[in-house]
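Asks: Sequence plus predicted model, see below.
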Amino acid sequence: MEKRLKIRQIQDKLFTVIVALFSIAIILPLFFIIFYIVRNGAAEINWHFITSLPKPVGETGGISNAIVGTTELIGIAALIAIPLALFTGIYMKEFEKSKLAAVVSSLTDLLQGVPSIVIGIVCYLWIVLPLRSFSALSGSVALAIMMLPMIIKSTYHSLKLVPDSLKEASLALGTPYYRTVMKVIVPAASSGIITGIILSISRVAGETAPLLFTAFGNPFMNLNVTKPVNSLPLLIFNYATSPFSDWQKQAWGASLILIIMVSALNLLSKIMEHKWKTTY
Amino acid sequence: MKFKMILAAFLMIISVKGYANDIGFVGAGSTFAYPLYSKMFDVYHDMTGIKVNYQAVGSGAGQRQIIARAIDFGGSDAFMSDAQMSKAPAKLLHIPTALGAVVMTYNINVKGKLRLTPAIIAGIYLGKIKKWNDMRIKSINPHLNLPAENIVVVHRSDGSGTTFIFTDYLSKISKDWKKNIGRDTSVAWPVGIGGKGNAGVAGLIKQIPGAFGYVELIYASSNNMPMGYLRNSYGNFVYPSLASVTVAANIKIPADTRVSLTDTASPNGYPIAGMTWLLVYQEQHYLGRSRAKAKAFVKLIWWMTHAGQKYTKPLEYSPLPKNVVKSVDNILQSMTYDGKPIIR
């Protein structure tokens, strides 16, 4: 009897150790990636690098237009995606039993599986060809399409966590249905929704493929949404594959800036989640 | 309310900032020409204030985008065939801007430079020569102590102008190659492993002992990779250099400059050389372009092919030889706005 118990305890310990080992094994690659990028990129980053425009080989340029471009692309993408996705998410939760909601739900899953390059090509056909110009707008639409399923899903799941009693209480007080949704249910789920939005933004911030034939790239600073615009992932791709070591070094620097931007967003979402989280 | 005001302010900023300078050009294509063009356009912007945005999306994509008229000019290391040009809505012109070379580079531990003949290169790429100490290589290189290693053939996995120039060369020197594989921006390689882009191929060759492959001159020289001497059609062994590439174009150039420079008849010319072209429409009055824009466009190209040529050598491109510049002058004079020449 004693012996069996001992074996069981050992088995238990072994299992815990294995699970812990695997968890560490998963963190390791991430750790190495960040370590490598910091080691190669940190030396490149200075005020000049962040605030000046790219220069040809042999002159020290910066990446200011790519930082501004990425911010512009993501900003417009968020403006397009958030309202659409928010309302879709609300519909899916509130009319969960309707046929349309079921169809929308499975189509959202399908959209999530579409490769990003395909979304880029579609936006090229929809926007670039009719306007005869590559543009920031077309890139933003591509990124917005990628953001949609992520925000819809997170909105839906956050709304599901809001107890029905809250909704019933509001309706019982004579509040119209639309006000109940917008002023009671959505605010109650806001921490989850905002976390979803921020995570979707940091996911698309590093995308290159959908931008190749939409946002296109630009060596100059551009804020006009109907003209091509530079972005960090595109700049990293071009510089990293060039034959010049100073461009390759700048690609490391730009990678570090991108990682910092994305990590800052992730951190922000964690803070918001903690601060605004409501439990019932 | 606050949000609306911020949005209005944002829109005002972009409309003021964005339309301040209205003459600008957009181009796309050749990755090979990208460093040169980015230098030229940076200098040109400082000189004239005209913004030229060139993106390296590859020669094939450059051709497709100019046909779709999504850009003002394309860049390509491969000239377009008549069939390809007929897909465009109007007549396209080819304007050479610089010359480049494709070099054979390798990863074997020998003292001295490898010498290569057309038969050796074709033999290796057809999979008929498999070992570095094969008699066919040894007999040309008695000065080298060649190892008994396998030859690992490396080629491009993506469509590229570099591949076009290289397979164009192979098609000229080997009947077997011409019949079975042919020339294109990507082909069905009989042997070898693929790398993405020049950088990818250079990386593979540096990592794999016994590797053999082709990259553009600048990628081999900036990575300190060994380059082979090549025997040209004249029988001379020529080392790839800016000078031997320019000399390769010292042949009769057709009026539209659509000519392959590989296997050149020029005695001291390097045999795997090629031009990189701008692709533009002959008639510049399309999609509502102004006469001023058309004029600025021709001026830009004139500058690139004349004064701008001084930026080629520092970036390891070969400048256009005199006979080619002459053809360029004629082509630029043939560009029109409403059917009338833009410059004389």
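Replies: Noted; the coordinates are in hand. Numbers count the residues shown, from 1 in each chain, chains lettered A, B, ... in the order given.
Asks: C-alpha only now, for contacts and for neighbours.
Replies: Will do.
Asks: SS state for B:H155?
Replies: Secondary structure, DSSP: H, G, I helix; E, B strand; the rest coil: B:H155 is strand.
Asks: The residue nearest to it when sequence neighbours are not counted and chain A, how far apart?
Replies: Nearest residue to B:H155 in three dimensions, chain neighbours excluded: B:G194, at 4.9 Å (CA to CA, 6 or more residues apart in numbering or on different chains). Taking CA to the nearest CA, to the nearest Å as the measure, B:G194 and chain A are separated by 15 Å.
Asks: Repeat that for B:K175.
Replies: Using CA to the nearest CA, we find B:K175 at a distance of 34 Å from chain A.
Asks: How about B:V102?
Replies: Distance, B:V102 to chain A, using CA to the nearest CA: 14 Å.
Asks: wait, is the residue nearest to B:H155 part of a strand?
Replies: Yes - assigned with three-state DSSP, B:G194 falls within a strand.
Asks: right, and it touches B:I205 too?
Replies: No - counting by CA atoms under 8 Å, no contact exists between B:G194 and B:I205, whose distance comes to 10.6 Å.
Asks: list the residues that contact both of the two?
Replies: Common neighbours of B:G194 and B:I205 are listed as B:V154 (criterion: CA atoms under 8 Å, 6 or more residues apart in numbering or on different chains).
Asks: between the two, which one's more packed in?
Replies: For B:G194 versus B:I205, neighbours defined as other CA atoms under 10 Å in any protein chain shown are more numerous around B:I205 (25 against 17).
Asks: In which helix or strand does that one reside?
Replies: Here B:I205 is covered by helix B:197-207, with elements defined by DSSP states H and E.
Asks: Could you confirm whether that helix reaches chain A?
Replies: Yes - under the criterion of CA under 8 Å from any CA of the partner chain, chain A is reached by helix B:197-207 at B:197-200.
Asks: now stretch B:213-225
Replies: Yes - when contact is scored as CA under 8 Å from any CA, part of stretch B:213-225 falls within range of chain A: B:218-219, B:222-223.
Asks: Now render those as a markdown table, adding neighbour count.
Replies: Output for the residues of stretch B:213-225 next to chain A, formatted as a markdown table (neighbours: other CA atoms under 10 Å in any protein chain shown):
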| residue | neighbour count |
| --- | --- |
| B:I218 | 21 |
| B:Y219 | 23 |
| B:S222 | 12 |
| B:N223 | 15 |
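Asks: Now render the residues you listed as CSV, adding pLDDT.
Replies: Conversion of the residues of stretch B:213-225 next to chain A to CSV gives the following (pLDDT from 0 to 100):
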residue, pLDDT
B:I218, 87
B:Y219, 86
B:S222, 83
B:N223, 86
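Asks: tell me which of those is nearest to chain A?
Replies: For the residues of stretch B:213-225 next to chain A, the residue nearest chain A by CA to the nearest CA is B:Y219; the value is 5.2 Å.
Asks: Quick check: the residue nearest to the closest one when sequence neighbours are not counted vs B:P321, distance?
Replies: Counting by CA to CA, 6+ apart, the nearest residue to B:Y219 once its immediate chain neighbours are dropped is A:P243, at 5.2 Å. A:P243 is 25 Å from B:P321, where distance means CA to CA, to the nearest Å.
Asks: Next, name the residue at the spatial heart of chain B.
Replies: The structure's chain B has its C-alpha centroid closest to B:D77; by CA atoms, centre = their mean the separation is 3.4 Å.
Asks: Torsion angles phi and psi at it?
Replies: B:D77 adopts backbone torsions of phi -90, psi -10, taken as degrees, to the nearest 10.
Asks: Provide a list of residues in contact with it.
Replies: Contacts for B:D77 (CA under 8 Å, 6+ apart) come out as B:30, B:32, B:59, B:161-162, B:165, B:274-277.
Asks: So which of those belong to strands?
Replies: Assigned to strands by DSSP state E, the following of the contacts of B:D77 qualify: B:274-277.
Asks: and B:H94, what helix or strand is that in?
Replies: Using DSSP H and E, B:H94 maps to strand B:92-106.
Asks: For that strand, enumerate the helices and strands it packs against.
Replies: Strand B:92-106 sits against helix B:161-173, helix B:197-207, strand B:211-216, helix B:217-222, helix B:242-248, strand B:273-281, helix B:291-305, helix B:322-333, with contacts defined as 3 or more CA pairs under 8 Å, 6 or more residues apart in numbering or on different chains; DSSP states H and E.
Asks: Next, format these as a markdown table and append distance to A:E44.
Replies: Putting those into a markdown table (distance: least, CA to CA, whole Å) gives the following:
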| stretch | distance to A:E44 |
| --- | --- |
| helix B:161-173 | 32 |
| helix B:197-207 | 21 |
| strand B:211-216 | 28 |
| helix B:217-222 | 20 |
| helix B:242-248 | 32 |
| strand B:273-281 | 33 |
| helix B:291-305 | 32 |
| helix B:322-333 | 41 |
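Asks: So which of these is nearest A:H274?
Replies: Nearest to A:H274, of all those, is helix B:197-207, at 44.8 Å by CA to CA.
Asks: contact partners of the closest one?
Replies: Helix B:197-207 is contacted by residues A:241-243, B:105-107, B:154-158, B:160, B:194-195, B:211-216, B:219-220, B:225 when judged by CA under 8 Å, 6+ apart.
Asks: can you tell me the residue of the stretch 151-280 of chain A closest to chain B?
Replies: When distances are taken as CA to the nearest CA, the stretch 151-280 of chain A reaches nearest to chain B at A:N224, 4.5 Å away.
Asks: Could you count how many residues lie near that residue?
Replies: The burial count assigned to A:N224 is 20, neighbours taken as other CA under 10 Å.
Asks: quick one on the thing from earlier: which one among the residues of helix B:197-207 next to chain A gets closest to chain A?
Replies: For chain A, the closest of these turns out to be B:A199, at 5.5 Å, with distances computed as CA to the nearest CA.
Asks: Just give me how far the longest helix along chain A sits from the chain centre.
Replies: In chain A, ranked by residue count with DSSP state H as the criterion, the top helix is helix A:2-41. Its chain's C-alpha centre lies 28 Å from the corresponding centre of helix A:2-41 when counted by CA atoms, centre = their mean, to the nearest Å.
Asks: and it, what other elements does it pack with?
Replies: Under the contact criterion of 3+ CA pairs under 8 Å, 6+ apart, the helices and strands touching helix A:2-41 comprise helix A:245-276.
Asks: What's the mean pLDDT across the helix it packs on?
Replies: The predicted model assigns helix A:245-276 a mean pLDDT of 91.
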